[in-house]
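In: Next comes the sequence, and after it the predicted model I'd like to discuss.
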Amino acid sequence: MSFMKKKILFILIILIASVLCAEESYFDSYVYQNWNSFGGIRGATATDIVQSKDGYINVGTYEGLVRFDGIRFTTIKRQRDNELKFASVRAMYEDSHGGLWIGSNDEGVQCISAEGNKWYSMENGLPNNSIRAIMEDKKGNIWIGTASGVVYITPNGHLINAQFQPGTVSKGVIANSLYCDTAGRVWLTTLNERGLFMFSDGLFRMLDEMDVFGDYLATAISQDKHGDFWIGLGNDGLVRVRNGHVSRVRTDTFLDKSSTWTIYPDDDGSIWFGSEAGVCVFDSGKFHENSMPGLSDSKINRIVKDRESNIWIATDRNGIGKLLHGKFKMCKLSYSSNAIAQDLEGNMWVGTDKGVLCYDSYDQKIENSLTEFTKGLRIRHVGVASNGDILVSCYTKPGQLRWSKDGMTSWTTDNGLVGNKVRVAIETAPHELYVGTTTGLSIIHADGSIKNIKQTD
């Protein structure tokens, strides 16, 4: 390869890297906090996470139920001096009456409520004591998915075994998730092939529309605010069901090849996906992925939002995490920002190595004669005069600028400034400026005269 070709290739690489560095991420405005040791449990697998009506964040682990009050984690489980039946927690759900249902790994399910505790196991009707999913439908029935079938408990306390369409579950039923849609229909995903069912006319039935995907593995299902259903198909990506029409969704993210295990439709219209490679959000028609350490190397078991709009994430290796909106919005640039100032109208002015940038109070970029004039100039300082004029210190000609909507004044060595490489300028009195340069200090008086103080003076 010739020297010229190598030089061109190097320039292209730099340009591409600059573009990538400048690209803003959906997650730039979030701060991630992680706990992989809590409630006396270290390296915990967080199987599920729910915020109950009392404000507690409830975390399911294989070592018990961990409750977080915002300061402390407390672990509760079966002891000799309590009425709890579970030593592990695999699935949780808070019902419409405030009862917290705790599904254990091999001890059945218990409902903890103000009316007392109820416990269900194989001894009183469950098909299996390993609880995989819990959900309440719009009629008040509590659905429980186990490793060997599904039951529901009516508001009167009757336990009923859910039946399946003949010929659909010859290999058994290992429940994975339960979901109730806006129409009140109950959906089930299982860990079996072709394991997506909808409960209709007293039976769980397969969806004929899904036959085009062969022996698919359904790992998650949810419904967005528009009524569309989103379904995770294991390592085969996502599909969407809209008005009965099923189509595969290409995300151009890790969701296309990594299993999606939980889907959370936010009330703001965005949709959160938890996979084995990280967290992804669909918002405003675009997918945004987050594969940061702690998320990319864990299976995401659950995503929920608390009352303060924080996003909580339960993982199988790295405990739990919380994504909260930071107080600052990040605006990435591929070059340095050296100074920032707010003018009298609330606009923000930024001095960078590539000129002056201006943003309004809605974070929208403003173009004006100053931003246009300074493009490509290295700006060392930006300030605001008492009358609202913008003071701009350039590290080359045009030296020191004073800009208003009515016009602009420039001071350089050509009209008396001590130097053209200006570092800073401040107003000490109306139209009285102190200008610091690499050569010395210039005092610009209101009458236009300039007094210079050099380093040798």
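Out: Nice, I can see it.
In: what does the strand ranked longest in the chain rub up against?
Out: With secondary structure taken from DSSP state E, the chain has its longest strand at strand 422-429. Defining contact as C-beta atoms under 8 Å, 6 or more residues apart in numbering, one finds that strand 422-429 is touched by 380-381, 383, 385-386, 391, 393-395, 399-400, 433-438, 446. No exception for glycine: its C-beta is placed from N, CA and C like everyone else's.
In: Out of those, which sit inside strands?
Out: Reading strands off the contacts of strand 422-429 with DSSP E, I get 380-381, 383, 391, 393-394, 400, 433-437.
In: will you turn the residues you listed into JSON lines that also has pLDDT and distance to Lys85?
Out: Output for those, formatted as JSON lines (pLDDT from 0 to 100; distance: C-beta to C-beta, whole Å):
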{"residue": "Arg380", "pLDDT": "97", "distance to Lys85": "69"}
{"residue": "His381", "pLDDT": "98", "distance to Lys85": "68"}
{"residue": "Gly383", "pLDDT": "97", "distance to Lys85": "68"}
{"residue": "Leu391", "pLDDT": "98", "distance to Lys85": "72"}
{"residue": "Ser393", "pLDDT": "98", "distance to Lys85": "71"}
{"residue": "Cys394", "pLDDT": "97", "distance to Lys85": "74"}
{"residue": "Gln400", "pLDDT": "98", "distance to Lys85": "77"}
{"residue": "Leu433", "pLDDT": "97", "distance to Lys85": "77"}
{"residue": "Tyr434", "pLDDT": "97", "distance to Lys85": "76"}
{"residue": "Val435", "pLDDT": "97", "distance to Lys85": "77"}
{"residue": "Gly436", "pLDDT": "96", "distance to Lys85": "74"}
{"residue": "Thr437", "pLDDT": "96", "distance to Lys85": "78"}
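In: now the residues you listed in JSON lines, with neighbour count and distance to Ser259?
Out: Output for the ones in strands among the contacts of strand 422-429, formatted as JSON lines (neighbours: other C-beta atoms under 10 Å; distance: C-beta to C-beta, whole Å):
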{"residue": "Arg380", "neighbour count": "21", "distance to Ser259": "51"}
{"residue": "His381", "neighbour count": "22", "distance to Ser259": "52"}
{"residue": "Gly383", "neighbour count": "20", "distance to Ser259": "54"}
{"residue": "Leu391", "neighbour count": "22", "distance to Ser259": "56"}
{"residue": "Ser393", "neighbour count": "25", "distance to Ser259": "55"}
{"residue": "Cys394", "neighbour count": "23", "distance to Ser259": "54"}
{"residue": "Gln400", "neighbour count": "25", "distance to Ser259": "60"}
{"residue": "Leu433", "neighbour count": "21", "distance to Ser259": "63"}
{"residue": "Tyr434", "neighbour count": "14", "distance to Ser259": "63"}
{"residue": "Val435", "neighbour count": "25", "distance to Ser259": "62"}
{"residue": "Gly436", "neighbour count": "20", "distance to Ser259": "60"}
{"residue": "Thr437", "neighbour count": "24", "distance to Ser259": "61"}
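In: Make sure Gln33 is indeed in a strand.
Out: Yes - counting by DSSP: H, G, I helix; E, B strand; the rest coil, Gln33 is found in a strand.
In: excluding its backbone neighbours, what's nearest it?
Out: Lys322 (4.8 Å; C-beta to C-beta, 6 or more residues apart in numbering).
In: The one you found is in what secondary structure piece?
Out: strand 320-325 (DSSP states H and E).
In: Show me which residues of that strand are buried.
Out: Across strand 320-325, burial judged by 16 or more other C-beta atoms under 10 Å covers 320-324.
In: what comes into contact with it?
Out: 27, 29-35, 38, 46, 49, 59, 279, 294-295, 308-315.
In: again with stretch 431-439
Out: Contacts for stretch 431-439 (C-beta under 8 Å, 6+ apart): 385, 391, 393, 399-400, 402, 411, 417-428, 441-446, 454-455.
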